[in-house]
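# Output the structure for:
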Amino acid sequence: MSRILVTDLDGTLLGGTQDDRIRLRDALARHPEVTTVFATGRGPSSIREVLRDPLVPRPRWIIADVGATVVDGTDLTPVDPVQEQLRAGWPGHDRVRAALRRFPALAYQHGVVQNGRCSYHLAPDGLTDELVAAVEALGCTWVYSADRYFDVLPQSASKGNALRALAAKLGWQPEHILVAGDSLNDLSLFRLGTHAVAVAGAEPALLAALAEDPRVHRADRAGAGGIHAALRELGWLPSEPDPGTRNRDPGSRRPGPERAAGPHSLVVAYHRPPLHWNGERWQPPRSPNGILPTLSSAFADGLSGVWVTALTGRDRLAAHPRPTTLPLSPVPLDTATWDGYFHRACKETLWPVLMSEPERSVHDERAWADYRTVNARFAEHISGQAAPGATVWLHDYNLWLVPGLLRRLRPDLRTGLFHHTPFPAPEVFATLPVADELRRSLGCLDWAGFHTEDFAGHFRRTLADWPDPPHTAVHPLGIDRPAVEELARRASRRRTPHHHRPATGRRLVLSVERLDYAKAPIQKVDAIDHLLALRPELRGRLTFRLVCPPPEPGITAYDTTRHHLEQRVAAVNATWQQGHWQPIDYLPHSLSAAEVVDEYLAADVLWVTSLQDGMNLTAKEFTAAQAARPHPRTGRGPGVLVLSRHAGAATELGAAALLTDPRSREDLSTVLARALDLGPAERRARMDRLSRLLGHERPADWAARIVHGIRTCTPGPAPGPAEPALDAADAAPLTA
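Below is the predicted model:
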């Protein structure tokens, strides 16, 4: 059942001690069934500043301007027709000011942005019958509070009327609403017949007006403390001992103050959720990365804990609940903050450095402020979800500031972070203007994990002068091999779709990757152009299929790559086209998992050419699909894996793949030609070896090893785990 907390800001939600504010924030984070609504005299621009305060719970809806404005808390867009109804008959700001200039006691609030209202300072003796009559003659109403603030409003506007209209629109019942306030401009909220609390220190005139109302709880604590007490009295929050009475976990290796904590012994945090609302239904992201299916599979397979993730944009407006049994705990984020955080700071500042392309990095202070804000909200949410001494498992660079924040908020926690992306060399990391800030936070980790020893070494060198460095470990990520194999077996039992089958005598080279300059798509198109010039016999017989879905909307960092790629594809196709044949089959959209496996099975070569890559799971999926084929596809034998030397997968699979340098057009062309020329016997030998190297570890096993590593690690660096012994035939590279 949904429950609605409607609260004033100044003196109410923002009031009370810091400990009370933290307690309320954490309690609301643990109970997302309690929806928060702001009802304030502030305008939306002022509320933006309030939302930067890490102790402020995130509102789902906002009633602003003393009830003249109603906006969506996600992106601060007006809620119409509710706002239109509240402002009906408003004569306009200028007309109101002109009509009231004859009252010298009114002091207009020039520093307040005002929409649908006019706000003044007014001493009590200035509130005369003549002034009231002048306001009413304009067809307006007014509110006077704290013996100082005089607001002229549209006739229908008040906090109470705004809440009544919003509740009618959303189907809220009075018994499911708690209102909280401290001044006379909150009085209209208390007249709606809902649950109500007047916090300690409330304006005497408000308390006098409510003296005969038995439904109003008069709190003995100010601000957030009074709200928290009322929520507990209603049973909307469970009773808890005072956080200062809790005993610290004896196994915690760092001392620190006690904090209220949630019930979970394991909290996993990754910023992206496994499903998004597209306006009509929930669906997976268009370009899912390896983390999402890995975490989903691990939780589905018994990983015990909670997954903290972001709730943004249209996801917050979904008409239906998310259809998943995964233990998700959302962190609501408004659209503007998310854009600055993910689209700008993550993708334009940090991502190029991770890809060892620091010259592409663009730092913007406003976007970095959003990065700090999002990391702070994740840290606060994690703090509220974690039991004393709990394990926190963070994922990737998007949450690099969380370890330092958690050290201050919850020093009892053990915190690990797995880097799915590459970790750059120290000299590349140092090019970031915020490198020192990030190092201070990363140094607060207990454990840091990587796909390869090279990346772990970069991390250790980056923190070489840190007095108590995190423990490091190497745990290469695998795939859900049984799931891929089952899709491959199903594909073999049905007729392959026509568009997957290469024409008789033609060779299919395949790349499946999201649009990203780090995947070197343009370099591959140039290499195809070069290869066709060198090998005329391949003209009309070679197809390069590039499955390259665009990133999510809002990421402008890849626009130049997309435009250049489209131009090069068109130019190369125009140069070599013969009849109906074109060398490059460019598919700029996503495929389903089954369709991707169909592509894997049809390919003569999978071409992975990342400039940098933490792992690259498509290489492993291709291997699993090809190895599961019950019968040879053609007399040419199974497909060949051509793999970038700079992908993490090369560390595991390099002995059986053909390795290539994506920064060299000549090497790309030469190695691809070699792959196409391999005979059936060597193709089969390489695929058999790839299959053995791939192994059969499930994502749940991988996750369990990491959680155990975080819980049991000791300070300081450590080498990665020993790899399983290989047969002699697997230890040596194959030759053509």
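
# in the stretch 151-300 of the chain, what spans have low per-residue confidence?
239-262, 286-289 (pLDDT under 70).

# rerun that using 50 as the cut-off
241-262 (pLDDT under 50).

# what ranges do the helices span in the stretch 301-450 of the chain?
Secondary structure of the stretch 301-450 of the chain by DSSP state H, counting those that start in this stretch: the helices cover 335-338, 351-354, 365-385, 402-409, 426-429, 435-442.

# In a markdown table: those helices, plus mean pLDDT.
Shown next, in a markdown table, are the helices of the stretch 301-450 of the chain (pLDDT from 0 to 100):
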| stretch | mean pLDDT |
| --- | --- |
| helix 335-338 | 89 |
| helix 351-354 | 96 |
| helix 365-385 | 94 |
| helix 402-409 | 93 |
| helix 426-429 | 97 |
| helix 435-442 | 96 |
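
# Adding distance to I4 and mean neighbour count, write those out as TSV.
The way it works is simple: take the backbone N, C-alpha and C, and place the C-beta from them, glycine included. Shown next, in TSV, are the helices of the stretch 301-450 of the chain (distance: least, Cβ to Cβ, whole Å; neighbours: other Cβ atoms under 10 Å):
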stretch	distance to I4	mean neighbour count
helix 335-338	22	18
helix 351-354	39	22
helix 365-385	20	22
helix 402-409	28	22
helix 426-429	46	18
helix 435-442	36	17
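
# Can you tell me how far L413 is from A685?
For L413, the distance to A685 equals 49 Å [Cβ to Cβ, to the nearest Å].

# what about the two, which has more around it?
L413 (26 against 17; other Cβ atoms under 10 Å).

# Wait, that one touches G389, no?
Yes - using Cβ atoms under 8 Å, L413 is in contact with G389, at 7.1 Å.

# now for the helix or strand containing I63, which elements pack on it?
Secondary structure from DSSP states H and E places I63 in strand 61-64. If you count contacts as 3 or more Cβ pairs under 8 Å, 6 or more residues apart in numbering; DSSP states H and E, strand 61-64 packs onto strand 34-39, helix 44-50, strand 69-72, helix 159-170.

# I'd like the ones you listed as CSV, with mean neighbour count and distance to V474 appended.
Formatted as CSV, these follow (neighbours: other Cβ atoms under 10 Å; distance: least, Cβ to Cβ, whole Å):
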stretch, mean neighbour count, distance to V474
strand 34-39, 23, 42
helix 44-50, 15, 43
strand 69-72, 23, 45
helix 159-170, 21, 50
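
# Quick one: neighbours of the closest residue to P238 other than its chain neighbours, just the number.
In space, and not counting its chain neighbours, P238 is closest to R232: 7.4 Å by Cβ to Cβ, 6 or more residues apart in numbering. Look at R232: counted by other Cβ under 10 Å, it has 14 neighbours.

# downstream neighbour of the host helix or strand of R232 in the secondary structure list?
In this structure, R232 sits in helix 223-234 according to DSSP H and E. Following helix 223-234 in sequence order, the next helix or strand is strand 264-269 (DSSP H and E).

# low-confidence ranges in this protein?
Using pLDDT under 50, the chain drops low at 241-262, 496-499, 719-736.

# Distance check, R281 against R314.
Taking Cβ to Cβ, one finds R281 at 11 Å from R314.

# burial count for P204?
Counted with other Cβ under 10 Å, P204 comes out at 9.

# Torsion angles phi and psi at V143?
V143 adopts backbone torsions of phi -140, psi 140, taken as degrees, to the nearest 10.

# How about the contacts made by it?
V66, Y149, F150, D151, L153, S158, L184, N185 (Cβ atoms under 8 Å, 6 or more residues apart in numbering).

# who wins for neighbours among those residues?
Among the contacts of V143, V66 has the most neighbours (other Cβ under 10 Å), with 29 neighbours.

# just checking, it touches G160?
No - here V66 does not reach G160: they are 10.6 Å apart, not a contact under Cβ under 8 Å.

# ok so, going back, what would the helices and strands packed on strand 61-64 look like in JSON lines with distance to H458?
Converted to JSON lines, those look like this (distance: least, Cβ to Cβ, whole Å):
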{"stretch": "strand 34-39", "distance to H458": "42"}
{"stretch": "helix 44-50", "distance to H458": "38"}
{"stretch": "strand 69-72", "distance to H458": "43"}
{"stretch": "helix 159-170", "distance to H458": "50"}
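
# Out of these, which is closest to W702?
Closest to W702 of these, according to Cβ to Cβ: strand 34-39, at 35.6 Å.

# how about the most centrally placed residue in the chain, secondary structure?
What sits nearest the mean C-alpha location of the chain, by Cα atoms, centre = their mean, is H271, with 2.8 Å. Of the three states, H271 takes coil under DSSP: H, G, I helix; E, B strand; the rest coil.

# Run through the residues that contact it.
Counting by Cβ under 8 Å, 6+ apart, H271 touches T309, A310, F342, V374, F378, D396, N398, L399.

# got a list of contacts for the helix holding R232?
Helix 223-234 is contacted from outside by 5, 7, 11-17, 20-21, 23-25, 27, 34, 178, 180, 182, 195, 197-201, 217, 219-221, 237-240, using Cβ under 8 Å, 6+ apart.

# What subset of those is buried?
For those, a burial check counting by 16 or more other Cβ atoms under 10 Å picks out 5, 7, 11-16, 20-21, 23-25, 27, 34, 178, 180, 182, 195, 197-200, 217, 219, 221, 237.

# quick one on the thing from earlier: note down every partner strand of the strand holding I63 and its orientation.
Strand 61-64 has its sheet partners listed here by DSSP bridges as strand 34-39 (parallel), strand 69-72 (antiparallel).

# now those strands in JSON lines, with distance to K620?
Formatted as JSON lines, the strands paired with strand 61-64 follow (distance: least, Cβ to Cβ, whole Å):
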{"stretch": "strand 34-39", "distance to K620": "42"}
{"stretch": "strand 69-72", "distance to K620": "42"}
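
# mind checking which of those strands is nearest I382?
Ranking the strands paired with strand 61-64 by proximity to I382 (Cβ to Cβ) places strand 34-39 first, at 18.7 Å.

# Restricting to C-alpha, output that closest one in CSV.
Taking Å, rounded to 0.1, in the frame of the first residue of the first chain, the C-alpha atoms of strand 34-39 are listed here in CSV:
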residue,chain,number,x,y,z
VAL,A,34,6.5,6.0,1.5
THR,A,35,6.3,8.6,-1.2
THR,A,36,7.7,12.0,-0.3
VAL,A,37,6.0,15.2,-1.5
PHE,A,38,7.4,18.7,-0.7
ALA,A,39,4.9,21.4,0.1
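
# Now do the strands in the stretch 101-250 of the chain.
Ranges of strands in the stretch 101-250 of the chain, per DSSP state E, counting those that start in this stretch, are 107-108, 118-121, 140-145, 149-154, 177-181, 195-200, 216-222.

# A27 against G384, yeah?
Yes - assessed by Cβ under 8 Å, A27 is found in contact with G384 at 7.2 Å.

# For H363, see how far away the closest residue to A435 other than its chain neighbours is.
Leaving aside its chain neighbours, A435 sits nearest to F429 (5.8 Å; criterion: Cβ to Cβ, 6+ apart). To H363, F429 is 14 Å away according to Cβ to Cβ.

# next one: T543
From T543 to H363 the distance is 42 Å (Cβ to Cβ).

# who has more neighbours, those two?
T543 (20 against 15).

# For that one, grab phi and psi.
Here is the backbone geometry of T543 (degrees, to the nearest 10): phi -120, psi 130.

# If it is in a bridge, with which residues?
L508.

# wait, what's in contact with it?
Taking Cβ under 8 Å, 6+ apart, one finds P502, R506, R507, L508, V509, W581, Q582, P583, I584, D585 in contact with T543.

# Next: V392.
L266, V267, V268, A269, I382, A386, L406, L413, R414, T415, G416, I710.
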